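1. pasting a predicted model and its sequence here:
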Amino acid sequence: MLCFQVLLLLVVVASAAAQRRPYAYRAPESSEESYESSEAKYNFNWAVSDDSSSNEFGHQEARDGDDTQGSYYVQLPDGRLQTVKYFVDGDSGYVAEVSYEGEARYPDSYESFESREYRAPRPVYG
């Protein structure tokens with residue numbers, strides 16, 4: 001009886017497998033018209049301002065087809081604000097203009113508490 005059930009199961013599986021259609025790959029249908037109608041268009045803007053560390057940075061960009069332009073800024077460790085304004089030109093690629101606001105400031109002594117110099121932590125035993 002068990003042999004008959006196994007044979008019946010094999011016949012059902014073979015029958016189902018025989019009815020499956022073979023997978024046929026076709027290249028996606030596309031035309032220049034569909035490409036042109038789906039050009040990129042977006043606009044975003046974000047910013048971060050952390051008062052405790054005086055860290056400020058942000059980015060904004062807009063794109064409409066081939067026209068892309070934007071800017072980003074970051075507060076540098078020396079106190080200056082660096083701003084980069086850019087646009088993307090199809091022939092020239094990425095074109096950027098970098099500017100700085102403020103004056104660079106450095107601590108009088110690198111031994112001060114606010115020094116940004118890295119020091120390895122002292123080992124603690126116990």
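-> Looks like it came in fine.

2. now stretch 65-80: buried residues?
-> 68, 70, 71, 72, 73, 74, 75, 80 (16 or more other Cβ atoms under 10 Å). (C-beta placed from N, C-alpha, C; glycine too.)

3. and if you look at stretch 41-61?
-> Quick answer for stretch 41-61 (16+ other Cβ under 10 Å): residue 61.

4. that older thread, strands - which of the buried residues of stretch 65-80 land there?
-> Among the buried residues of stretch 65-80, the ones falling in strands (DSSP state E) are 68, 70, 71, 72, 73, 74, 75.

5. how about residue 106, what does it touch?
-> With contact taken as Cβ atoms under 8 Å, 6 or more residues apart in numbering, residue 106 is in contact with residue 78.

6. same question, residue 99
-> Residue 99 neighbours (Cβ under 8 Å, 6+ apart): 82, 83, 84, 85.

7. for it, phi and psi?
-> Main-chain torsions, residue 99, degrees, to the nearest 10: phi -140, psi 160.

8. which strand residues bridge it?
-> residue 83 (DSSP bridges).

9. give the rounded mean pLDDT of stretch 6-16.
-> Averaging pLDDT along stretch 6-16 yields 74.

10. in JSON lines, list the buried residues of stretch 65-80 along with distance to residue 59.
-> Output for the buried residues of stretch 65-80, formatted as JSON lines (distance: Cβ to Cβ, whole Å):
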{"residue": "68", "distance to residue 59": "13"}
{"residue": "70", "distance to residue 59": "7"}
{"residue": "71", "distance to residue 59": "8"}
{"residue": "72", "distance to residue 59": "4"}
{"residue": "73", "distance to residue 59": "8"}
{"residue": "74", "distance to residue 59": "9"}
{"residue": "75", "distance to residue 59": "14"}
{"residue": "80", "distance to residue 59": "18"}
